[in-house]
Each structure stands twice: as C-alpha cells, then as structure tokens.
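**Student:** sequence? don't have it. structure:
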C-alpha cells in the first residue's frame, strides 16, 4: 500500500495537535507495512529541510508554497489564514514525489484538496481535523466564502473521509450523504512513567519554574490558536480569586500569545518537547475551550498518561463517554470544582487504552485496506 500524505504543517520539531496526529498516524501506518510519503507544503518564511526518513517505510519531503505569502495580506483583510492560498493551490506545481502514482492520496484538511485532486492514484481521502466552517465561525460569514467553497468541494469529491469526532462526521454527512466516513479520534502515546518519582519531579519543576510545592498544580496545555486563547481568557478570572490562588498554581505549557503580566500564580512554561514531567507532577489538567471543532488532543493525552482532566462539555467533544478521571462541567463551575475537597480520581488505563495511537493506527490501516479492496471489486 503506497500512501501520500499532504499537509501544510512542518512535521519535524513541531508539537501542535494537528502535527502530532499526522505524525503519529503516519508512523503507525508505516509500521503496518504501508509505504508512507509525507509532503509538507510549507510557508516561504521557512527553509525546506532535506528529505528525511524518520522511520522505516516513512519518508518526509518539504516544499515551499509561495502562495502562503498571501497569508499576511489576507488576514489584514479579515479573512482566515490560508483561505486564499487554499483556493489558489490549484496552480501549485506538483513536486517530484506527488507526480508518482499512489494507492491513497490523503489531504490533511481541505486546504490541500486542490493539490490532492490532481495527483494520480486510486483513492482520494479527506482527513479532516476540523469542520473548518465551524472552526472559523468567529469570522463573519462573508469572510468564510473561500473556505466554505473549498471544504464543500473536498467533501463532495472525496472517495473517503476520516473524521476526528462524531460531531464533525454529522456535518460532513449533511453535505455528502453518500461518501464513506470513518471516525478516528485523536489519541495519545503512553509515556513510560515507571522510573519517575513524583516527589523528585515536583521538586525539579518547582525549582525550574518557581512553583509553590505546597499548592496543587493545574496544567493547561495549549497551542497558539484563537480558541485556546479564548479558553484561557475565560479561565484567567478564576485564578485571580484569592481562594483559588491560595490552593492552586496554574502551569501553562505551549505557545499561547499572552504576556507574562498575569497573576504570579500563573506560570508560563513555554513549549516543551517532553510533557512527561508535567503529567507526573501536576494534580489536574484543565480544558476550558468553548469554541472550535474537532476533538481536543491534549485532553486524551493527559488522560492517557494518568492525569485527571476538568473540561467544559464542548471541550469533551469526541470523548463523550464518561471515562474515569474525566470531569465535565460548565466553565462557570470550574471554580467550584477547583475548591472542592472531593478527591480527584485518576483515569483507568484499560478504559482508555483504545485511544493509544498504535491501536488507532491499526484501525486506520484496516479502513484503508478495506476501501482499496472494495474499489478493486467494483472497478
């Protein structure tokens, strides 16, 4: 099985949710025996790295997409980032790897669909991390015209859609009731915590980030996006209250575009390549998102690595089953739960093992294999 994956993200040394999903599933497909080629159409602000083979049967290429120069002017005009570039991708020259024949061509998001539809192969797959029209709903409807047109075309032309949540699946189904849609949620990689001592980790983190070891630590992992910033801004007033500050430190890990002029009990740790110490040392993860789409990768990463999660109902989309260690309350009730003396129950490993990337990758490989077999029988 020869698979081509198209993305507009840099895969190497990038840790946002979309990249982790693409990288993890591509790696698992290659482990199943598929020959996987990833082509990243990156911003001209970045210098393409040479061809890499991070694993057996997995090859990575980077090429420059000069249409992404338009991101700056389009955002100043009030359009979502990449919307005009996605529309103009129909004119992007195909690099060498994309000129070959592939069993499956996977467009990671509809933004690359205008490239995917021009590649020779048997099946075209839309791998949708979000329902983009909902994800960008904070823009005026007119500003979403290009994204909407491009996304609808991808949904109608795809031979197969991989959805990241049941909610998004319903949106895709309303646009194209005939296309096969399979749900592969976000997953997690289990970190080996056997050789870590929690007290030593807490001492290490308290020394590094000037944390109060007598307080409980809440963890917020969030990349740079409107929806994460909006969630943080909604959560921030809770940690301004003396009752909460006397009991909790808030550790913010990621590249949220926020200044450091916040309450001293909110600690900005920046981007971290290894989250293991934070999973081990923290008492609770917070997921305050109230907008967006898809499913929250950091929620399942925290649960999968033994950390309870306090989340909004919206933030729990894609994980609606009442898992042990998942506390789902409205954002206005976060303060009450943080001040509660009820013990926080840790997740049950066996209960969420089905969300490990290795198992999700096996499911995805079987979906692709079956779809290719079905195509052979009907062609």
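**Tutor:** Done, it's in. Just so you know, these numbers come straight off a predicted model, no measurement behind them.

**Student:** For the stretch 251-379 of the chain, give me the ranges with low pLDDT.
**Tutor:** In the predicted model, the stretch 251-379 of the chain carries pLDDT under 70 at residues 258-265, 320-322, 378-379.

**Student:** how about the strands in it?
**Tutor:** With strands called from DSSP state E, counting those that start in this stretch, the stretch 251-379 of the chain shows them at 266-270, 284-287, 309-311, 326-328.

**Student:** To residue 51, which of these lies closest?
**Tutor:** strand 266-270 (30.2 Å; Cβ to Cβ). For every residue, glycine as well, the C-beta is placed using N, CA and C.

**Student:** Packing partners of the closest one?
**Tutor:** strand 248-253 (3 or more Cβ pairs under 8 Å, 6 or more residues apart in numbering; DSSP states H and E).

**Student:** any idea of the angle the strand it packs on forms with strand 266-270?
**Tutor:** Using axes from the mean of the first three to the mean of the last three Cα atoms, to 10 degrees, the direction of strand 248-253 lies 20 degrees away from that of strand 266-270.

**Student:** For residue 153, find the nearest of the strands of the stretch 251-379 of the chain.
**Tutor:** Checking the strands of the stretch 251-379 of the chain against residue 153 by Cβ to Cβ gives strand 284-287 as the closest, at 32.7 Å.

**Student:** Sheet-wise, list the partners of that closest one with their directions.
**Tutor:** Using DSSP bridges, the strands paired with strand 284-287 are strand 216-221 (parallel), strand 309-311 (parallel).

**Student:** Mean neighbour count for those strands - can I get that in JSON lines?
**Tutor:** Shown next, in JSON lines, are the strands paired with strand 284-287 (neighbours: other Cβ atoms under 10 Å):
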{"stretch": "strand 216-221", "mean neighbour count": "22"}
{"stretch": "strand 309-311", "mean neighbour count": "24"}
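
**Student:** Of all those strands, which one comes closest to residue 124?
**Tutor:** Of the strands paired with strand 284-287, the one closest to residue 124 (Cβ to Cβ) turns out to be strand 216-221, at 33.3 Å.

**Student:** who's in contact with the residue nearest to residue 277 when sequence neighbours are not counted?
**Tutor:** Leaving aside its chain neighbours, residue 277 sits nearest to residue 201 (5.0 Å; criterion: Cβ to Cβ, 6 or more residues apart in numbering). By Cβ atoms under 8 Å, 6 or more residues apart in numbering, residue 201 lies in contact with 277, 280-281.

**Student:** neighbour-wise, which of these leads?
**Tutor:** Highest neighbour count within the contacts of residue 201, by other Cβ atoms under 10 Å: residue 281, with 23 neighbours.

**Student:** which ones are touching that residue?
**Tutor:** By Cβ under 8 Å, 6+ apart, the residues touching residue 281 are 198, 201-202, 204-205, 217.

**Student:** any chance of those residues in CSV, plus distance to residue 347, pLDDT and secondary structure?
**Tutor:** Formatted as CSV, the contacts of residue 281 follow (distance: Cβ to Cβ, whole Å; pLDDT from 0 to 100; DSSP: H, G, I helix; E, B strand; the rest coil):
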residue, distance to residue 347, pLDDT, secondary structure
198, 16, 85, helix
201, 18, 90, helix
202, 20, 89, helix
204, 23, 90, helix
205, 21, 90, helix
217, 17, 93, strand
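
**Student:** Residue 319: which of the contacts of residue 201 is nearest?
**Tutor:** Nearest to residue 319 out of these is residue 280 (Cβ to Cβ; 21.9 Å).

**Student:** Kindly provide the distance from the residue lying closest to the closest one once chain neighbours are set aside to residue 210.
**Tutor:** Leaving aside its chain neighbours, residue 280 sits nearest to residue 201 (4.7 Å; criterion: Cβ to Cβ, 6+ apart). For residue 201, the distance to residue 210 equals 16 Å [Cβ to Cβ, to the nearest Å].
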